[in-house]
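>>> no sequence on hand, only this structure:
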């Protein structure tokens, strides 16, 4: 694990840049992580997905799969790929400050 500065805050991240401690997350940090990953601005639809991912992880201890994300978040899978082009579940989890979902490469 490594310490890095994101949006003026020192946070611990894993080798792929995911926050080690979800409690370090905040919206300013999320916006900076999004920019660093090619999303210049988080729209209300982005936030809908990111907040769904966080809530599910904090409730269950695991992030939802892309399939359940598309069915349960209110955002269809096709749109998820438009919002998060490099892999919706993985990128939304990273922006949401939670661990990479199982099954993501």
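Now that the structure is in, tell me what you want to look at. Everything quoted here is computed from the prediction, not taken from an experiment. Residues are numbered from 1 along each chain as shown.

>>> and the contacts of the longest helix along the chain?
The residue-count maximum for a helix in the chain (DSSP state H) belongs to helix 44-60. Residues from elsewhere that reach helix 44-60 (Cβ atoms under 8 Å, 6 or more residues apart in numbering): 22, 25, 30, 34, 39, 42, 62-64, 69, 72-75, 79-80, 83-84, 88-89, 92-93, 95-99. Quick note: C-beta positions are derived from backbone N, CA and C, even for glycine.

>>> what about it, average pLDDT?
The pLDDT scores in helix 44-60 average 96.

>>> next helix or strand past that helix?
helix 66-72 (DSSP states H and E).

>>> distance from that next one to the middle of the chain?
Distance, stretch centre to chain centre, for helix 66-72: 14 Å (Cα atoms, centre = their mean, to the nearest Å).

>>> circling back: starting at the chain centroid, how far to the longest helix of the chain?
8 Å.

>>> what's the answer for stretch 50-67, then?
From the chain centre to the centre of stretch 50-67 is a distance of 9 Å (Cα atoms, centre = their mean).
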